[in-house]
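> Got a sequence here, can you build the structure:
(2 chains)
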Amino acid sequence: MTLEIIGISVLWLFLFGYVIVASIDFGAGFFNAYSLFRGKQHILTRIIQRYLSPVWEVTNVFLVFFFVGIVGFFPKTAYYYGTILLVPASIAVVLLAIRGSYYAFTTYGGLRQKRWTYLYGLSGLFIPASLSIVLTISEGGFVSEGSAGLELDYWALFTSPLTWSIVVLSLAAVLYISAVFLTWYANKANDEPATELLRKYALIWAVPAIVTATGIIVELRDHNPEHFSRLMDLWWLFGISFILFAGTVYLIWKREMYGLAFGLLAGQFLVAFFAYGISHYPYLLYPYLTIYDGFTNEAMAIALIIAFIAGLGLLLPSLYLLLRLFLFNKDYVQGKRDDHA
Amino acid sequence: MGNEESVFFSRVLTELTLSFHIIYATIGVGIPLMIMIAQWVGIKKQDEHYILLARRWTRGFVITVAVGVVTGTAIGLQLSLLWPNFMELAGNVIALPLFMETFAFFFEAIFLGIYLYTWDRFENQKKHMLLLIPVAIGSSFSAIFITIVNAFMNAPQGFDIVNGQLVNINPILAMFTPAMPTKVAHVLSTAYMTSAFVLASIGAFRLLKGSNHIYHKKALLLTMKIGLIFSIATAVIGDFSGKYLAEYQPEKLAAAEWHFETKEGAPLMLYGVLEDGEVKYAIKIPYALSILAHSNPNAEVIGLDQFPEDEIPPLYIHYLFDLMVTIGMWMTALSLIYVLGTWFKMRFVKSKWFRWLIVLGGPLSIIAIEAGWWFAEVGRQPWILRGIMRTEDAATSSGQVDLMLLLFAGLYLVLAIGSIIVLTRMFRKNPVEQELADRELEKEGELR
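Numbers count the residues shown, from 1 in each chain, chains lettered A, B, ... in the order given. I've put the predicted structure just below:
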């Protein structure tokens, strides 16, 4: 295994972590707003607040970790993606900022207004949409390198069906992941009505999630044949992912073992995410940048990997403690304890 | 938009983001230590008031952390978005501390969540306090790692450039630049100092606005003591910073001091204005610059005459430098008088006018932080990486920076207003007297 592969694998794993925890967070905000809109807020709010409160800050760090890490391991991405993404990334940051701060403002500061709940819910959909555009751009075809530097062709980007299918996939996936997780969480809290409602959401969003994911593979055939053929080589990985998906839906349908259902879902996304990543290899940005010509020097790569291992040694036990105290603590989950400062 | 305009707007946007972020970042680094001290004193003295102090500070802290996190994310991304050429080079050499900063922050975020939601969960208060240690360590180490990157920008080392290629890269050497020890120490001690004075300012304000509760008096004395200790530390570190500058960045020191000609026994210029290249109305302290730079009244101090015109930082940094130092000295004196005055039971420290001075000290300390960072950043110009890369060569070629500037300006306005409203509301709705009474009732309820 080369240093390049280790580097990109570590980053990809953290991005996967972000996709899962952020999806739960974004989806929760949306369901909360939606239930308020439908006058069913009493069912969901408590369970969602209970989950989000101690972990919201941690979510953001996964993202920061990814983009700091990628500039460290692949400094050329700073030049390529930094130049291209000024507008989309800035918009995403502004949305993330509003979302993060209003969460704190409303939860700890008592600023409770319907308006903010709606804004908060909607921002959770716009953020994945604007972030997923980066994946579309990485497929190539929207960036040109001229005398004035790199140029992003917004018109081509926003009229491409690929862009919009990836946006729809990101939204469907966010809502699906979130609904499955929250079903499990509500069930742990012995909250019957919330479990039922969330279970319904999970089943509804399972369909568009799998349909758009398949659709994107088909669209890539025209947009980026090279990537498409590499995807086809990995068909068996996508097959495994689909089986895991079917398992989740079955368990949710049968109202059985919600914890396992979420585990299968995490597996489904992990396999698909890595299959996509592997097929993208070696390109970071078609056709300009590969992980080999964008890579940092050896000394830095080794230093970063050592720092990463040391960091994990610190983080994993802490994360475990966090989960044990809140996510897997019966009294906390069921609302028997609230020791907020 | 031409390249010149992109450079200009990139600089303005970065300055705006940093100026806004640094307020929350400074508080975010300093307050955990204050909470820890208050909780520790509370446990030691078995005094409910200090424990409640820690608890109320924590609540406010969460709000400032939230804004600090999101603006920190913004500057983290903006570095790559606005300065892609710089980050490409920096990524190769100084990525390690940036990477470690995310770990430090991760660590802090996890334990802050735990600390926040486990008040009263433990029988033993000490166990709960232990959870704060990783928060304080994480936040201080975040500051250390980021300052290391800034130190690198001022005194780059740990690599060579041969035919435009980076070679012999040593990430560890790049972290431990000559600028690093003084810069890191200065950032940390001023963060603690500023946080203490901001909290003191709030305590003094409550006392002026009618509440005469002993709780606020305890808070005031505690924070003024901490502020005094760290302002003395800051003054000592400041002296070392002067010596560092004289040795490694003489043009920055010379520009800050309006020291034009290289000479021995150089005087220090305080205040004054610059008219047609001449210093007027300045207070001249003989030999003081030589002492500051080399601890020797007769030592030679390099002046601006040794540098080409286009490598000299803007001369207005003199005002920023003076502003920072003046406020620092003023706060040291103010806290010293307060602590001594309380000690010897002098009455004027409890008078209205003196308390107003303490209230003023909070905003003044924040201004000093801003002036200090503007001085640090403008004083490095025209370089983004001193001697290696000019700021104008580092910026993005994108034409939409001006729009992004408006977008972010709007964001910061919303965040500033939001955090102020939420913080004032939070404490106004639940004054200390009320909370102490509630806790009394709660305890009685438990006993029955």
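
> residue ranges of the strands in chain B, please?
Listed in chain order, the strands found in chain B under DSSP state E are B:160-162, B:165-167, B:263-264, B:268-270, B:273-275, B:278-280, B:283-285, B:300-301, B:383-385, B:389-390.

> How far does the last one sit from its chain's centre?
Spelled out, that is strand B:389-390. 25 Å (C-alpha atoms, centre = their mean, to the nearest Å).

> List of residues touching that strand?
Counting contacts by C-beta atoms under 8 Å, 6 or more residues apart in numbering or on different chains, the residues outside strand B:389-390 that touch it are B:85-86, B:89, B:382-384. Yep, even glycine has a C-beta here, placed from its N, CA and C like the rest.

> For these, give me JSON lines that also has distance to chain A.
Listed next are the contacts of strand B:389-390 as JSON lines, based on distance: C-beta to the nearest C-beta, whole Å:
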{"residue": "B:N85", "distance to chain A": "6"}
{"residue": "B:F86", "distance to chain A": "8"}
{"residue": "B:L89", "distance to chain A": "7"}
{"residue": "B:P382", "distance to chain A": "21"}
{"residue": "B:W383", "distance to chain A": "19"}
{"residue": "B:I384", "distance to chain A": "13"}
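
> looking at those residues, which has the most residues close by?
Among those, the one with the most neighbours (other C-beta atoms under 10 Å in any protein chain shown) is B:F86, at 25 neighbours.

> That one against B:E392, yeah?
No: distance between B:F86 and B:E392: 11.0 Å, which falls outside the contact criterion (C-beta atoms under 8 Å).

> how about the helices of the stretch 201-341 of chain A, start to end?
For the stretch 201-341 of chain A, the helices defined by DSSP state H, counting those that start in this stretch cover A:225-233, A:235-253, A:258-280, A:298-322, A:330-333.

> most tightly surrounded among those helices?
helix A:258-280 (a mean of 20; mean count of other C-beta atoms under 10 Å in any protein chain shown).

> residue ranges with poor pLDDT in the chain?
Answering for chain A, as no chain was given. Applying pLDDT under 70 to chain A flags the ranges A:52-54, A:108-113, A:328-330, A:333-341.

> other chain: chain B
Across chain B, the stretches falling below the confidence threshold (pLDDT under 70) are B:1-2, B:443-448.

> number of nearby residues for the nearest residue to A:N224 once chain neighbours are set aside?
In space, A:N224 comes closest to A:E139 once its chain neighbours are excluded; the distance is 5.0 Å by C-beta to C-beta, 6 or more residues apart in numbering or on different chains. For A:E139, the count of nearby residues is 21 (other C-beta under 10 Å).

> and A:E139, how far is that from A:V207?
Using C-beta to C-beta, to the nearest Å, one obtains 25 Å as the distance from A:E139 to A:V207.

> cool, and A:L171?
Distance check for A:L171 against A:V207: by C-beta to C-beta, it reads 13 Å.

> Check A:D293 too.
41 Å.

> do you know how far A:F295 is from chain B?
A:F295 is 10 Å from chain B, where distance means C-beta to the nearest C-beta, to the nearest Å.

> check contacts around the residue nearest to B:L320 when sequence neighbours are not counted.
Once its chain neighbours are removed from consideration, B:L320 has its nearest residue in B:F375; the separation is 4.0 Å (C-beta to C-beta, 6+ apart). Taking C-beta under 8 Å, 6+ apart as the criterion, B:F375 is in contact with B:256, B:317, B:320-321, B:324.
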